[in-house]
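**Q** one predicted model, sequence on top.
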Amino acid sequence: MRDAADATNRWIAGSVEADQTRYTISQGLEDGAGYFFGVQGKGTSEAGDSRVVYEFFTLTPSSELPVVEIDGQPTATATCIAVTYRIDNAPSDARYGLCWSADGLPTTEDAMQYGPALPEDGGAVLQVIPNALLEYGREYTVRAFLTSGGATCYSSETKASLGEEPPAVTFDWTKLSHESLPAEIGLYETTGKLNGRNFHAWYAVADVTGSVELRVSVPDAKATIDKQSASFGGDCYVMTNAGYFYSSDHVGIAVVDSRSIGYIPDMRGSLRTQDAEYQVMYHATRGIFGVGADGKPGVYWTGTNGSNYYYDRPLPSVRGEAKYAGVSTSNPAKPLGWSPHYAISAGPVLLKDGKCPFDFTLTEKGTEYYLNNYEIIPYDIFGPTVSPDRTAVGHLADGRVVLFICDGRIAASGGATLTQLARILRGIGCTDALNLDGGGSTGMMVGTQHVNYHSDE
């Protein structure tokens, strides 16, 4: 190094092994001062040394350096770890977020996730790590980070663990015989009690890698599943309703014969026009279930930004907090190379690798501001007291596909909340599952028979 004011004042700041390209000087420098930093290649003797190549730098005053620091203690539930952190003096090119590890002090080389936009009021950032990226029974060290100009600074660390995983809900299921079903498809029914209320449900399970296929159908016009099933002329063993729709138009993504239809739109914070959140739009991912050409099933999150992307994690949007940028090839992660042959989006994801990725924990903003409603599912579907008829799809560990329905809002069956639905599907044996459109749309056709309660209205 060479003093900017005195060219004769030179000193060796340090040395590195061959082929190293980075060295950090952390002592002996004056805050805000300028220096010539030189690099010299050393030979076996002084005669073999290269000349010194200098470049001038002015050190940024410490008062202007970016600072990232965790604010308070993390919030840990069975479904996520949420961390609040503050950033000061963020450069325009800064990227920041959380990194975590169960094996020591984390860096951005470990598990990490970029964060949302900085709050407009200059306040703290709330960022959630979904349990899809964590394991039960492990303590994680978490740090916030900020990267700019190739350098990364870190906050002090904090520690947190996921809460206790909710147990599965099991019922006594009766296998039904049905003359229209081949041996590859099993049909089951249960009547019982769910949290003291009557409960009536059905599910069909099938190996879809052989003579039985799982297909997605998107009708040209609004039609009941009775009419859709009849239109297949006996070539449909079991049918349920599937994706969300507005008026007669399907909302979301469908893949039919490997051809993708539709997209994931930005989501309103509320569907109530009188709510302030009605005017707030969030980038979001939604859950999607599909099978490849080989019949292998999968549940992922999907989003749209020019193209439709598939991810192993949700974009962890939190209603009422700073918003994330749209999905991309790096946000929320590198997309998966999934190529479904048939698929349908809806949401939320009920199970991913056996874990339900949400509960009904509220943020400090209160009612309906949930900590992990990442898919921005509306109030008539998502909530601790919302228990209508439900439809879901999932798969077992061996790859067999499950189609599930339960009646709701009638004396014979009070329906299920989304968290109850996830636990019921886990009790059946599903490792991955997706909530489909429910309520008055819920129905199951087995051959020509509509098995559950349905109104003619």
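**A** Thanks, I have it.
**Q** list the contacts for the nearest residue to R2 once chain neighbours are set aside?
**A** Excluding the flanking residues, the one nearest R2 by C-beta to C-beta, 6 or more residues apart in numbering is F36, at 4.1 Å. Every C-beta, even on glycine, is put in place using the N, C-alpha and C of the backbone. Contacts for F36 (C-beta atoms under 8 Å, 6 or more residues apart in numbering) come out as M1, R2, D3, A4, Y54, E55, F56, F57.
**Q** quick check: the first one touching Q40?
**A** No. With contact taken as C-beta atoms under 8 Å, M1 and Q40 are classed as non-touching, separated by 11.1 Å.
**Q** of these two, which one has the most company?
**A** Taking other C-beta atoms under 10 Å, M1 and Q40 do not tie; M1 has more neighbours (18 against 13).
**Q** mind checking how far the closest residue to that one other than its chain neighbours is from V53?
**A** The shortest distance from M1 to any non-neighbouring residue, by C-beta to C-beta, 6+ apart, is to A13 (4.9 Å). According to C-beta to C-beta, to the nearest Å, A13 stands 14 Å off from V53.
**Q** what about Y379, how many residues close to it?
**A** Number of residues near Y379 (other C-beta under 10 Å) recorded here: 14.
**Q** could you look up the SS state of it?
**A** Three-state call for Y379 (DSSP: H, G, I helix; E, B strand; the rest coil): coil.
**Q** and it, what pLDDT?
**A** Looking at Y379, its pLDDT stands at 96.
**Q** L176 and L187 touch, don't they?
**A** Yes. Applying C-beta under 8 Å as the test, L176 and L187 come out as touching, 4.6 Å apart.
**Q** of those two, who's got more company?
**A** Taking other C-beta under 10 Å, L176 and L187 do not tie; L187 has more neighbours (23 against 14).
**Q** span of stretch 3-16 from start to end?
**A** 21 Å (C-alpha to C-alpha, to the nearest Å).
**Q** name the residues of it that are buried.
**A** Going by neighbour count (16 or more other C-beta atoms under 10 Å), nothing in stretch 3-16 comes out as buried.
**Q** the residue nearest the centre of the chain and V393, how far apart?
**A** Geometric centre of the chain, nearest residue: P314, 1.4 Å, by C-alpha atoms, centre = their mean. To V393, P314 is 18 Å away according to C-beta to C-beta.
**Q** go on, A343?
**A** 10 Å.
**Q** need the residues touching each of the two.
**A** Counting by C-beta under 8 Å, 6+ apart, the residues touching both A343 and V393 are F289.
**Q** just the element for R423, please.
**A** In this structure, R423 sits in helix 418-428 according to DSSP states H and E.
**Q** what of Q228?
**A** helix 225-231.
**Q** what's that helix packed up against?
**A** strand 238-240, strand 444-446 (3 or more C-beta pairs under 8 Å, 6 or more residues apart in numbering; DSSP states H and E).
**Q** that one: which residues count as buried?
**A** Buried residues in helix 225-231 (16+ other C-beta under 10 Å): I225, Q228, S229.
**Q** quick one: residues contacting the second one.
**A** Pointing back at Q228 there. Q228 makes contact with S217, P219, M239, according to C-beta under 8 Å, 6+ apart.
**Q** before we move on, back to that, closest one to P388 out of the buried residues of helix 225-231, please.
**A** I225 (16.9 Å; C-beta to C-beta).
**Q** helix, strand, or coil at the closest residue to R286 other than its chain neighbours?
**A** Among residues not flanking R286 along the chain, G347 sits closest, at 4.3 Å (C-beta to C-beta, 6+ apart). What three-state DSSP gives for G347 is coil.
**Q** so G347 makes contact with Y300?
**A** No. With contact defined as C-beta under 8 Å, G347 does not count as touching Y300 (11.4 Å).
**Q** could I get the average pLDDT for stretch 289-309?
**A** 97.
**Q** which parts of it are buried?
**A** In stretch 289-309, counting by 16+ other C-beta under 10 Å, buried: 289-292, 295, 297-304, 308-309.
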